[in-house]
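Enquirer: No sequence on hand, only this structure:
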């Protein structure tokens with residue numbers, strides 16, 4: 001229905017809705033091993049019904065204004081996504097996240113898409129604090145947080161049990177005045 005261009009390389013940000021379950025599943029299947037190193041939902045959507053259920057959960061969150069899922073397409077192929085894992089308009093806090101299949105890494109897709117999400121959260125919706133939470137070993141994700149101008153707030157030691165291991169989790173954030181200042185400098 002609508003897409004936001006992320007540049008001249010054919011990259012677009014679009015809503016990732018339940019009717020795209022087959023496309024979403026095919027994307028996960030292409031990158032499942034890579035994606036599930038740190039992203040649990042990559043292991044949860046293993047067939048069309050479970051993929052549709054996951055997308056429906058985020059569609060329901062979007063309708064309730066508590067979260068949202070957006071896909072990243074390159075040249076018409078779904079290659080990853082960005083999301084609001086939680087969105088609390090009343091408190092002015094939200095958490096963002098991302099994932100990509102391996103062939104889509106290294107092109108700045110997530111950073112460009114996150115700028116769109118952060119602009120929406122801060123400039124349109126009035127969010128004051130945007131968080132980024134990632135496993136300490138997920139260096140590509142942490143690099144995006146740095147590129148966005150986020151600051152590391154904390155390391156939660158062994159806070160995330162996943163894949164039979166307890167992972168340290170890093171919490172990064174940016175505040176609305178910091179984001180506005182960064183966007184003004186970039187302009």
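Expert: Perfect, I can see it now. Remember, it's a predicted structure, so these values are computed and weren't measured experimentally.
Enquirer: What number of residues are in the vicinity of residue 187?
Expert: Residues lying near residue 187 (other CB atoms under 10 Å) number 5. Backbone N, C-alpha and C define where each C-beta goes, glycine included.
Enquirer: ok, now which ones touch it?
Expert: Contacts for residue 187 (CB atoms under 8 Å, 6 or more residues apart in numbering) come out as none.
Enquirer: how near is it to residue 76?
Expert: Per CB to CB, to the nearest Å, residue 187 is found 30 Å from residue 76.
Enquirer: okay, and for this structure, where does confidence drop off?
Expert: For the chain, the stretches flagged by pLDDT under 70 are 1.
Enquirer: What is the neighbour count of residue 122?
Expert: The burial count for residue 122: 23, using other CB under 10 Å.
Enquirer: Ok, residue 133 next?
Expert: 20.
Enquirer: hey, what's it bridged with?
Expert: residue 171 (DSSP bridges).
Enquirer: Next, find the distance separating it from residue 114.
Expert: Applying CB to CB, the value for residue 133 to residue 114 is 14 Å.
Enquirer: Same check on residue 21?
Expert: Using CB to CB, we find residue 21 at a distance of 24 Å from residue 114.
Enquirer: Check residue 104 too.
Expert: Residue 104 is 14 Å from residue 114, where distance means CB to CB.
Enquirer: And residue 33, by the same measure?
Expert: Between residue 33 and residue 114 the computed distance is 24 Å (CB to CB).
Enquirer: Settle it for me: which of those two has more neighbours?
Expert: Using other CB under 10 Å, the more surrounded residue of residue 33 and residue 114 is residue 114, with 23 against 11.
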